[in-house]
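Novice: I would like the atomic coordinates for the input below:
(2 chains)
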Number of protein chains: 2
Amino acid sequence: MAEKIQQIQENPDKEKAQLKQRLSRIRHTIMVMSGKGGVGKSTVTANLAASLSLEGYRVGILDGDIHGPNIPKILGVEGQQLLGSGDGEINPIEAAENLKLVSVGSILENQDQPIIWRGPMKHTIIRHFLKDVNWGDLDFLVVDLPPGTGDEPLSIAQIIKEAHAGSSPFAIVVTTPQDVALLDSRKSVKFSRVLELQLLGIIENMSGMACPHCGKPIDLFKKGGGELAAQELKVPFLGAIPIDPAIVQDTDNGTPFILGNDDSAAKTAFRNIVKEVLKMACP
Amino acid sequence: MAEKIQQIQENPDKEKAQLKQRLSRIRHTIMVMSGKGGVGKSTVTANLAASLSLEGYRVGILDGDIHGPNIPKILGVEGQQLLGSGDGEINPIEAAENLKLVSVGSILENQDQPIIWRGPMKHTIIRHFLKDVNWGDLDFLVVDLPPGTGDEPLSIAQIIKEAHAGSSPFAIVVTTPQDVALLDSRKSVKFSRVLELQLLGIIENMSGMACPHCGKPIDLFKKGGGELAAQELKVPFLGAIPIDPAIVQDTDNGTPFILGNDDSAAKTAFRNIVKEVLKMACP
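Specialist: Residues are numbered from 1 along each chain as shown, chains lettered A, B, ... in the order given. Model prediction:
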């Protein structure tokens, strides 16, 4: 790692060319963002990527949440370590057919170990993941970001834009219908405008719930706020995913819920969201 | 703001003395942290601070979540602007008797505006809030932090430790019982050990739920995981707060739920947590 940083500092032009060459093999980048944490960003990322790979697209996931990297756990590859290819490259973890993954969680020897890094160090590792990972040819690189509008989303957007020489990453904003979450997700929409990302739209997660015993509706995080915010901010609304205890279960068990056997309202909703994303990203 | 930064750069010794003098009037600092977002950190912060102020303690809240400042909304003072006192100081917002507040949310003219700042800028505003805010004499300064172990918790812990010349802030780690949340909160416990914070313990939020219609238990985010993690990591367990739709409602309406009229399981649980905190912080 220290060696890599040294190398970047010594030869910025060569490093830029390598990054550009690497990113030229990635057709689309989708940044999954949210203003508030805990709205289901990583779950959406993992299930979107898994859905796209099932459709036959070649998909990579970059887990950009340096302090809380949950993607390896959600995809059931927790504990698998990232390995070098011998010529200075890193091989991504193959989570399934057409589905590759890179995460800080896959370089930690002890999963309890906190990454106590300030911004510049985070920028360096993100650049490293984009430049030195042997992604091969990808149709989609889906990036899971930490909540907010700080160093990580800023670094990823800037590095990709710089290397693509103008072409912008796509962005999806995930929110829950709670007012406090909506307040923060408006900031993410504005952020994506300032950075000139191509905003695919807003997903409303944890939208309504039915009691699994009596079937009556439970008003936990409310419903419809994400759709209203999308109208207000004049951005597309990609769909609403209801609360489903099975999603938490699947996430903890290392299976994207979209792959489960039973047919649920959440799964149908998610499938429609994937269709919308494909319609917009690959018209 | 730019003027302030200029001043800090020009006279670091004077600035250090001012910070030390200001912090000498704050008896205890409690950093409310979490590994994962959306576990209820801000709700715990606001209700802990409100509870302590009701007991007669003089309490300040520093909203350290720069990108998603939700404390003003939860305390019902959204839209109130921070004002200067004329002599270069900032007057905190008085949310209630014995309860003062400072937040980036209270300096934004437009609440949708994202704060697109990298780490060093965040360090500066946090230092500014600790040094130039006219907190007066406080028994407790409760700090709401963004999730993770990055710039914000690092800056606050280091600034307070440096100015107190050795005395450490207290820390509380909030988690939900989900595996992915527990994975991340272990990192926060390790973080507080590395920085030698005095860890008061773990709070398990969103712990179990009963259907408001039929009363049957709903296994949403599971139950008991926070308590188990506390045992494993050998840190005190402060208590579990069940999921209650009324908390979301109160939070969106700008009332700390602890002040509501009805008596709920969540409220009783929270009162016991406050007792535990007081026992440990003021023995």
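Novice: what ranges do the strands span in the stretch 151-283 of chain A?
Specialist: A:170-175, A:198-204, A:209-210, A:217-218, A:237-240 (DSSP state E, counting those that start in this stretch).
Novice: Partner strands of the third one and their direction?
Specialist: So the one you mean is strand A:209-210. strand A:217-218 (antiparallel) (DSSP bridges).
Novice: contacts for the strand it pairs with?
Specialist: When contacts are defined by Cβ atoms under 8 Å, 6 or more residues apart in numbering or on different chains, strand A:217-218 is touched by residues A:Gly208, A:Met209, A:Ala210, A:Cys211, B:Cys211, B:Pro212, B:His213, B:Ile218, B:Pro245. All C-beta spots, glycine's among them, are computed from the backbone N, C-alpha and C.
Novice: Quick check, pLDDT for the third one.
Specialist: Read it as A:Ala210. We note a pLDDT of 91 for A:Ala210 in this prediction.
Novice: so where's chain A shaky on pLDDT?
Specialist: Low-confidence segments of chain A, defined by pLDDT under 70: A:1-10, A:165-167.
Novice: Just give me the residue closest to the centre of it.
Specialist: Geometric centre of chain A, nearest residue: A:Asp144, 2.3 Å, by Cα atoms, centre = their mean.
Novice: How about that residue: what's its closest non-neighbour residue?
Specialist: For A:Asp144, ignoring the flanking residues on the chain, the nearest one in space by Cβ to Cβ, 6 or more residues apart in numbering or on different chains is A:Thr45 at 4.0 Å.
Novice: quick one: the helix or strand where that neighbour lies to strand A:198-204, angle?
Specialist: Under the assignment given by DSSP states H and E, the secondary-structure element containing A:Thr45 is helix A:41-54. Interaxial angle of helix A:41-54 relative to strand A:198-204 (axes from the mean of the first three to the mean of the last three Cα atoms, to 10 degrees): 120 degrees.
Novice: Tell me if A:Leu101 really is in a helix.
Specialist: No - counting by DSSP: H, G, I helix; E, B strand; the rest coil, A:Leu101 is not found in a helix; it is strand.
Novice: That one reaches A:Leu82, doesn't it?
Specialist: No - taking contact to mean Cβ atoms under 8 Å, the distance of 9.2 Å between A:Leu101 and A:Leu82 leaves them out of contact.
Novice: If you count surrounding residues, which of the two has more?
Specialist: A:Leu101 (28 against 18; other Cβ atoms under 10 Å in any protein chain shown).
Novice: Point me to the residue sitting farthest from the middle of chain A.
Specialist: Quick read of chain A (Cα atoms, centre = their mean): farthest out is A:Cys214, 34.9 Å.
Novice: how about the residue lying closest to it once chain neighbours are set aside, what does it touch?
Specialist: Computed as Cβ to Cβ, 6+ apart, the closest residue to A:Cys214 that is not its neighbour in sequence is B:Cys214, at 3.9 Å. When contacts are counted by Cβ under 8 Å, 6+ apart, B:Cys214 is found next to A:Cys211, A:His213, A:Cys214, A:Lys216.
Novice: Tell me how many other residues surround A:Gln21.
Specialist: Applying the criterion other Cβ under 10 Å, we find 11 residues in the vicinity of A:Gln21.
Novice: May I have the secondary structure class of it?
Specialist: Assigned state for A:Gln21: helix (three-state reduction, three-state DSSP).
Novice: Much appreciated, bye for now.
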